[in-house]
Structure formats: structure tokens, C-alpha cells
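In: no sequence for this one, just the structure:
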RNA sequence: GCGAGGGUGGCGGAAGUGGUAGACGCGCUGGACUUAGGAUCCAGUGGCUGCGGCCGUGAGGGUUCGAAUCCCUCCCCUCGCACCA
């Protein structure tokens, strides 16, 4: 018998699929479309197990949807701009472009070896000017609409990457990419007004409920950080205007006994009274500003501050409140000034204790009636009723928020306000290998957009990259100097490039017509394919790529490019691939290389193990013995296929047949076959539980193995066997397509599995000839009886009570009642 | 602290609406075939047992004829956010 040779089988079928362009999508509006997409890879060199996992999951879905008759789009491309290319260029003396394209070739070959059903006709790399030119166009159009602006601002600087980072790209004060500690720098940067969409980004999360993982929704909600409250003006004594604060607790205004300002508060100096401690206060504020932002922003950090000598007036109590500078007040959030309510805010409480400031209860918890002025040991931030609040006393705190805000509004000293934690997206990067920002600086005319007809602003390829972070663009005279589009005078180009997250914010839309050269999109193709029906990727992009892409979709919609609000109808976040319980890494030396796996076991085994070892969203601990188990199963499948092939008829899966003409074994086999279809369809359709789908097919294969010799040589039984075998191959095909195609053709089929339809099971074939009834006595398992499926309750009951073991347990005792669940069990209660 | 998700054999993991806990696979044990096997095949495999059973899904309580599943109290783990006023 011929040995199973994955290499041979896989090469053969990959060639067949490629030649026939089986997986090229066409805009066929008559058919329902299904767009399945995995987050595209950065071409780092070779693929790793994380790639194998995500693309395998996507491929199973794509192949399954093909079988369900959908017009499937399953494209692939390259997130090709980015820092590693520059670093590699410096290290190996090559050019980022050369390095990148070489990597793409290598990774593409590996993806092909894995047998993914990708539409390679739509492939593109984001570093191609044909791609990023449209991004430059979007930049200009967003700018025109006021959604892009330039400002000097304190930004996150990664000293290792030698570039700035957006807030989303800083994790615990460290660079998301390299882990270096982020520093603060003040630079002129380009920002995209994502905050303009904060409300919509938050609101539309509701539409993703149930189709996106809860935690991703939670993380985005958290990140956007909407807070409802009021802005309140506190007049400064001495006629120096007023200080505006934002608070979520206007109900506690009567408890505001002092004011805290951020050390960066811009009007600080003018608020200080003449003479006295001016210098000392400014020095203290300076010291706080210099504190390590990491430490300063930690909750455990010691609260400290300095009294400014100035006072403001509480607009409702009329009391004067000392103004402090406090290290825990952030300039970036709200107004940079906080009304301090020590009775009901723990930070203010600690501050008040330290500086001996008055602490007053204004919200009394339920059940503490009469205790309006207790000795407080900590702040109370819960619900309750107002006390010590003049005419508002007695109101519940929620109504008091409304009432007090309304009162302030009437006085002209406040109004409702909503604040977000989300900040605008800083997209400037001080790097070479990215899409140039299409802006020209003219000494006379200032910042000017590059005219659309001059796009793309191409990244010059003849440059030298430096290890010291000098910008090659600033050194390239050809790139740098240009004419001002307004006055024609000598002008300079912007030398910063765009954050690479900009490219990945719209690539999914470009696939709908990747070869469109006159515009970013073909509207018809785009409307047909979008949104992505199933998106798959890592959880690490919960507030990075996934937030940016949602924002870009809405922005492009408003620019008139698309008609959708959300880009990804369903999201699956796959778990990590671990080895020995830890993330794979070079330093730990626990890397499993997909290349090795392909060589030793082939694509089908690698895919099968990856899918079988754990459900997609959970982490997967790589297990070499598990891989061998998967390989063993495929060997068994192969041997079985070769043994059966000459006895099979190409009757198709779930073939119609007369149950009465079948032997007992054949009927059992047929029931198993149809039951398997029912089970795996559910697993594939609703929950992407590929591990249990595989387990079910394994059961069917085991059943075929054990029944095959008991079958009669008659035509009817042979059909049952053929049908069951077809179903097994179809069920496994999305996971292990090569071996299944081969065995399928050996089973006598001429049409390939790639074009085969998914079977429909026949509920009648599921009918049991006898059903096993479990018999319990007082809830404990005491026996089993077989009864006809249509047996009535009484009949089942009698059969159960007739069981010998059941009789023994019941003997001599009175039966209280008998619970009969037809088709399932009998419980005799004594 | 807030938010999300989890705790089931030696291991990965199964158990659509409460109804035989442990499917499928790994590992392990015994056997067969073999010069040999880490190949293949067969049988077994939650724990304890006086072989009648008893105990078992993080702990404790509850609802129910019946709970991994529902309710209450608590413990532990993982991830995310965290001085955001």
C-alpha cells in the first residue's frame, strides 16, 4: 500500500487550486457574499505559530463558507511599513524596501505551503506608492475638514525607536513594540481628531454587543472613558477671573472646600498674589512637573501640593476656598483644575488630611440618618442623600446632580459637560520607512497641503539610513526641497512619516478592489463586499488597530467613500500560541518553527493540531506529542481511505437510501453519519468550535473503521459506507484540505472538494431504533433499559421498574413518585 | 479598586435549553504482531472499594425528583484599565 506522503499530496493539490484559481473572488451580486479576513501580517521574515493559528482559523471559515455556497472573499496582503525594516537595514547594510520585499516573498511561499484558500490576485503591500497615495489623499481631505491639525504638544517619545508614539501605543509607560520606557517630549506633531468621533465610537459599541468579544468592547469603552458631569466656574478672589473645573459630582458642590490645580496649569502665575511666596510656589510647581510621570501617576503615590496664597469662591456656599497646586491633578484631563471634595473623594480626603483642610459630609449614605457631621475616616463616594447643602439637602444624590447643575446654569456659572479619556491620535513618526505626510512648509505661506494632482509624495528609495536616528528624508535634498504650491517659492517638505497604524486602518476596504488605479476604491465593489463579515486577529489590538479602523471607517464614510458605520461585523480574537505554558520567544528558546513542522509533518497535520488542541479564542499550549497524535490520525485516515477506495461508489454525502434495505451495522453507520453532520454544522456555524467538530469527525472515522467489516457486500450497505466516508472527508476538508481532496478523488469523485457542497442531514436518519433510558433511584444511576423510541411513559416506567438492579434498590420501600423523561431517563423517588 | 473571562481526570479539553460528568485526543497500563520498535492493532484507564457500592466538576450553603449547568456567600487564577476629578 502506498504510504501517506504529505509533501506529495500537498504539492499536488496546491498546484490544482492555484491553476484553477479556485479561490479568486468575483463581484457576483446575485450571490450572497462572505468576506473573511485575518489581520494582515507584518513581513518580518518568516511566519511564526501565531500566524499559522490565525490564518488556519480564517481558512477553515473561508473553505466552510465556500461549501455553504457563499461568494467568499479571503484576501491577503502586507503591513509593510515599519521600524523593523529600518533596523534590519542598518544592521545588515541593506535597504528597508529590499529587506521588506524579500521577506514578503519568503512568507508568501510559506503561506502557500500551508495551503490557504487565499485570493492572491488582490495582494498588495502598504509600502507601495499605489497604496499609500490614497492614504495621503485621505490625510488632505481630513485636513480640509478640520479633522487633522498640527500642534506642539507634550508627546510620548520612545528613545529606542527614536520616534513618538500615540497614547494607545504606550502600555504601562512602555513602548508597545520594544518595551523601552517612554519619555516626554514637546514636539510639533500632526494629530487626527479621533475625539470628534468619541461619542459615536462609544455608542456604536452597542451594535457590536454579542458579535465582538465582551472584553474587546469593554476595553474600548474603558479607553474612550466617557464621563458625564458639569463644568463649574469658581470666581477667583481679587478680580482675577475664574477657574473652570470639570466634575462628575456636581451634587457634592457644597462639600468643595478647596481647589486643586495641575502643576502645568497655564494661568497659575497670574493667579498668584503679589509678593510673599510667589517664587516658592512656582518652584514647587516646577518640581512637581519634573516628577517622573510614571511615579506621579501611580495611585499609591504620595499626594502633595502647595498653597498658592490665592482664594476662589464656591459659587453656591459663597465660602472662600484656598487654591492649591496638587501633584495628582492632570492637565490633560478635564480643565486641569479640580474642585476638591474631601468628604467624598479619597484623593481629596488624603490631601485635606495632610494639609489640615476642612472635610465636610454632604452625601449621607442610606441608613445613617441623623449623622450629618460624623468623624470621617475615609471619603464616601457611594450613593445617598444630600445633607449640609442648603435647599438641596434631602435630595437623593442623582436628582441633586440635575438640580445643582440647573441652578448653576441659571446663575451663568456652569453647565452640563461630557469628558472623554480618549485623546487625539498623534500620527507623526520621526522615521523614514513610512508614508510621507503630504505637507509643504513655505516661509511665506506657512503649512500648505500638497496639491492632490501631485500625489503620491513618494518616499525616495535612494537614501542611506543611519543608526543615530538622523532622518534620511531631511538629508535627501531631492525630497526635502520643493516649490510652494501657493507662491512658487522655495519650500521644504514635511519629513515625518505617518504612523503605520494608518495603513492598517483602511486596508480591508482596499481589498474590495485592490487594483483600482484611479481612486482608492471602486464604490460598487466596496458596497458589495463591506463590511468584513468575519474578522480574526489578536486581542493585543483591542484598543490599537481595532479602534483606529473603526474610526477610519466612520471618517471615510463622512468623506463619502463608504456607506457603512462599522468595518467588522463579527470579530474573533484568537488566543496565543504558548510552549510549556509560556509565550514563545527567542530568549526563552521555546520557539516552535512552522517551517520545521511543515517539513516534518506537512501542512495538514500542522493545521489539524492547531485547531484540535484548543478552541480558537483560548490560548494553545503547543505539545509535540499532540502533533504526533494528529499526524497519526491522518495516517489512519489515509490507510482507511486506500483500503476502502475500491469498494466505494461516488454517491455523495448523506446519500438518500432506503433504511429498510440496510443491515443493522449500516443503519448504525448511517445514523452516526447524519448525527455527525448535525453536530459539526452547529460547531462550524455558530461558534467556530473546530476542536469539537474535529472530535466528531474522528468519531465517525472510528465508527467507519469498526463497522466496515460487519457490513454486507450488498449494494445498499456499500452505499451507506460510501456516503459515510464522503461525509467524513467533507467534514474534515476545511481543516485538512489536501489529504481530503486526495482521498476524495480516490473515492471516485471528479469534482473537487473545493467546489463541493456541505451536506444536509436527514432528521429521519437520526431516528433511533431503540433508545437507551437511564434509570435512577433517588437520583442515583441504577440501571439502563432499551425501549422503542415511541414507547409511552407507562411502558418506559414498567420497563425501568422491571430492571433487576432497580428492583433490588426499590424492594421493600414505598415508591413516592416516578419521574419519566421520555427518550432520556426514569427517576424512581422513594 | 473597576471591568472581562476562567477554576472539570496525570495533560489538552467535551458536556445546545438542568437529565448517564469526563466525548475526542495526548499520556499511561496490559496484550497481539514482530529480529526490533518510539510503527501498527486489541483491551483498559477519575478516585476509593468490603465488588454491594461510595465519593467526585475551586469551597460552603440553597432551589429541584435530579445541578458542572440555576440562586446566595466566599476563595483562587488569567487578562485589561487604573490618582481621569
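Out: Yes, it's here. Everything numeric here is computed off the predicted structure, so don't read it as measured data.
In: show me the contacts for residue A:278.
Out: Counting by Cβ atoms under 8 Å, 6 or more residues apart in numbering, residue A:278 touches A:272, A:309. Every residue, glycine included, has its C-beta placed from N, CA and C.
In: repeat for residue A:438
Out: Contacts of residue A:438 (Cβ under 8 Å, 6+ apart): A:136, A:139, A:140, A:449, A:450, A:455, A:456, A:457, A:494.
In: I'd like to know how far the closest residue to the first one other than its chain neighbours sits from residue A:307.
Out: If I follow you right, that is residue A:136. Leaving aside its chain neighbours, residue A:136 sits nearest to residue A:438 (4.3 Å; criterion: Cβ to Cβ, 6 or more residues apart in numbering). Residue A:438 sits at a distance of 50 Å from residue A:307 (criterion: Cβ to Cβ, to the nearest Å).
In: which SSE is immediately downstream of whichever strand or helix holds residue A:137?
Out: According to DSSP states H and E, residue A:137 maps onto helix A:129-144. Sequence-wise, the next helix or strand downstream of helix A:129-144 (DSSP H and E) is strand A:148-158.
In: show me what the helix or strand following that next one is packed against.
Out: Note on strand A:148-158: by DSSP H and E, the next helix or strand toward the C-terminus is strand A:163-165. Strand A:163-165 sits against strand A:148-158, strand A:183-192, strand A:428-429, with contacts defined as 3 or more Cβ pairs under 8 Å, 6 or more residues apart in numbering; DSSP states H and E.
In: neighbouring contacts of the last one?
Out: Taking contacts as Cβ under 8 Å, 6+ apart, the residues outside strand A:428-429 that touch it are A:163, A:164, A:187, A:189, A:190, A:437, A:496, A:497, A:498, A:499, A:500.
In: and the residues you listed, which two are the farthest apart?
Out: Largest separation among those by Cβ to Cβ: A:187 and A:500, giving 18.5 Å.
In: okay, these two: which has more neighbours?
Out: Legend: neighbour count by other Cβ atoms under 10 Å for residue A:187 and residue A:500, higher for residue A:500 (23 against 15).
In: if I look at that one, how far off is residue A:21?
Out: 31 Å.
In: just to revisit the earlier point, out of the helices and strands packed on strand A:163-165, deepest packed?
Out: Most buried of these, by mean neighbour count (mean count of other Cβ atoms under 10 Å): strand A:428-429, with a mean of 26.
In: what average pLDDT does that one get?
Out: The predicted model gives strand A:428-429 an average pLDDT of 94.
In: quick one: that strand to chain centroid distance?
Out: Distance of strand A:428-429 from the chain centroid (Cα atoms, centre = their mean, to the nearest Å) equals 24 Å.
In: could you spell out the sheet neighbours of it, each with its direction?
Out: strand A:497-498 (antiparallel) (DSSP bridges).
In: average model confidence for the partner strand?
Out: In this model, strand A:497-498 has a mean pLDDT of 96.
In: ok, and what's touching it?
Out: A:81, A:135, A:139, A:427-429, A:431-437, A:459, A:473.
In: which strand residues bridge the residue nearest to residue A:247 when sequence neighbours are not counted?
Out: In this structure, residue A:247 finds its nearest non-sequential neighbour in residue A:229, 5.1 Å apart by Cβ to Cβ, 6+ apart. On DSSP bridges, the residues paired with residue A:229 through beta bridges are residue A:417.
In: so residue A:229 sits against residue A:250, correct?
Out: Yes: when contacts are counted by Cβ atoms under 8 Å, residue A:229 is listed as touching residue A:250 (6.4 Å).
In: now for these two: what residues contact both?
Out: Going by Cβ under 8 Å, 6+ apart, residues that sit against residue A:229 and also against residue A:250 are residue A:401.
In: who's more crowded, those two?
Out: residue A:250 (28 against 19).
In: residue A:286: how many residues sit nearby?
Out: A count of nearby residues for residue A:286, using other Cβ under 10 Å, gives 10.
In: which residues sit in contact with it?
Out: Counting by Cβ under 8 Å, 6+ apart, residue A:286 touches residue A:263.
In: got the confidence number for the residue in the stretch 351-500 of chain A positioned nearest to RNA strand B?
Out: Across the stretch 351-500 of chain A, no residue is closer to RNA strand B than residue A:421, which sits at 4.1 Å (Cβ to the nearest atom of the strand). For residue A:421, the pLDDT comes out at 92.
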